[in-house]
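**Q** need a structure here:
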Amino acid sequence: MEIVNTILTILSGLLMLTLLVLVHEGGHFFVGKTCGIRIDEFAVGFGPKLLSREKGGIRYSVRALPLGGFVQFYGEEEEVDAAYEPRAFNNRPIWQRALTIAAGPVMNILFALLLTVAVLVGYGDYVPQIASVEPGMPAYAAGLQEGDRIVMLNGKRIDFSMEFDAAQISSSEHITIGVEREDGYHEFELDTIQNEETGGYRIGITYTEYARRRFGFFEAIGLSFKWLWLIIKEMFTALGAAIFGGKGISELSGPVGTITIVGEAVRYGFETILRMAALLSINLGIMNILPFPALDGGRLLFLGIEKLRGKPIDRKVESYINLVGLALLFLLMIALTYQDIARLFS
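**A** Numbering: from 1, shown residues only. Next comes the predicted model:
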């Protein structure tokens with residue numbers, strides 16, 4: 001039975017990653033085709049071809065390693081005479097090439113927003129709920145009640161559980177807290193009491209329970225952008241800690257770790273699957289837009305340099321730089337995979 005669960009975990013993870021790759025590469029494909037760029041191949045995966053079919057002059061293929069994909073544009077890596085083939089990638093205007101390259105990450109971001117709207121409308125999200133109020137404490141005197149849903153703290157609206165920071169209470173001598181009840185919204189101002197044991201401050205509540213809060217469609221659209229911004233901030237905080245905080249890659253996950261996490265998410269139901277897909281999609285979109293060689297952001301950087309110079313960088317030089325970037329990314333994937341496997345066995 002354990003073997004079956006492991007196989008299902010792997011297949012679930014691969015299926016979700018494949019879907020996100022299709023969204024990403026589909027963005028490149030459709031925008032490139034709309035801009036009149038000639039496409040030679042649309043591939044899901046890398047390595048040897050497992051399935052291949054040609055239609056409309058484009059080869060569609062599924063390859064052996066389902067951890068990525070690509071759209072092969074004619075004339076992307078080499079110079080082609082514009083008179084001979086005006087549809088070659090490097091013969092198209094810079095703005096068309098830039099749109100085509102940016103379309104992959106943008107599609108991942110839009111897909112993440114769509115999934116987030118679906119989650120917020122269909123399931124909602126959690127906000128901290130007061131589980132108990134201690135008699136004689138500031139919260140009790142102010143009128144806070146068991147079951148109150150905390151939706152504002154010190155002027156900051158709380159729409160998602162990730163926004164609630166209990167440290168704001170324990171580090172403040174005076175707080176403003178807003179709650180929702182059956183009869184509407186209530187706001188309280190409290191003076192906290194110092195905890196002699198910890199040196200921090202308290203108001204006499206516990207908030208171990210979380211209340212589910214649902215959203216309307218149009219409200220969910222606006223909040224999906226807020227959720228996106230929160231995730232991006234967390235991503236760059238983790239990235240900064242890895243690079244500048246001395247944590248290295250210990251906080252990161254590679255393909256094996258990602259597949260394992262996705263497989264675990266499947267066991268918790270469809271809501272968790274949607275949340276995980278949105279999270280991975282936004283990660284894929286943002287990481288790809290970083291100005292690093294071999295990534296979409298690196299290619300956009302080269303186009304920006306071409307626009308400023310009035311002519312492109314030598315294609316061989318660009319290819320070498322991208323090759324170095326690809327090699328570094330490959331080494332990072334090896335290190336992360338080793339770390340993922342070590343975690344599994346530990």
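**Q** quick one: low-confidence parts of the stretch 51-200 of the chain?
**A** Filtered on pLDDT under 70, the stretch 51-200 of the chain yields the residue ranges 78-84, 165-170.
**Q** quick check: domain ranges of the protein?
**A** Listed domain ranges for the chain are 2-123+250-345, 125-213 (source: automatic domain parsing).
**Q** Break down the protein into its helices, ranges please.
**A** Here the chain has its helices, by DSSP state H, at 2-34, 94-122, 138-142, 167-170, 217-244, 255-266, 270-289, 296-309, 315-345.
**Q** Please name the residues that touch Glu76.
**A** Ala88, Phe89, Asn90 (CB atoms under 8 Å, 6 or more residues apart in numbering). Every residue, glycine included, has its C-beta placed from N, CA and C.
**Q** any idea how far Phe218 is from the residue nearest to the first one when sequence neighbours are not counted?
**A** Going back to what we said before, that points to Ala88. Nearest in space to Ala88, with sequence neighbours left out and distances taken as CB to CB, 6 or more residues apart in numbering, is Gly75 at 2.7 Å. In this view, Gly75 and Phe218 are 44 Å apart by CB to CB, to the nearest Å.
**Q** Those two - which one has more neighbours?
**A** Neighbours were counted for Gly75 and for Phe218 using other CB atoms under 10 Å; Gly75 has more, 21 against 10.
**Q** Surely the more buried one touches Pro86?
**A** No - Gly75 is beyond contact range of Pro86, at 9.8 Å (criterion: CB atoms under 8 Å).
**Q** Identify the contacts common to those two.
**A** Counting by CB under 8 Å, 6+ apart, Gly75 and Pro86 have no shared contacts at all.
**Q** between the contacts of Glu76, which is closest to Asp340?
**A** Distance to Asp340, by CB to CB, is smallest for Phe89 among the contacts of Glu76, at 35.2 Å.
**Q** shouldn't the closest one be in contact with Gln96?
**A** No - between Phe89 and Gln96 there is no contact under CB under 8 Å: 9.1 Å.
**Q** Reformat the domains of the chain into CSV and put distance to Thr237 next to each item.
**A** Below are the domains of the chain laid out as CSV (distance: least, CB to CB, whole Å):
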stretch, distance to Thr237
domain 2-123+250-345, 10
domain 125-213, 12
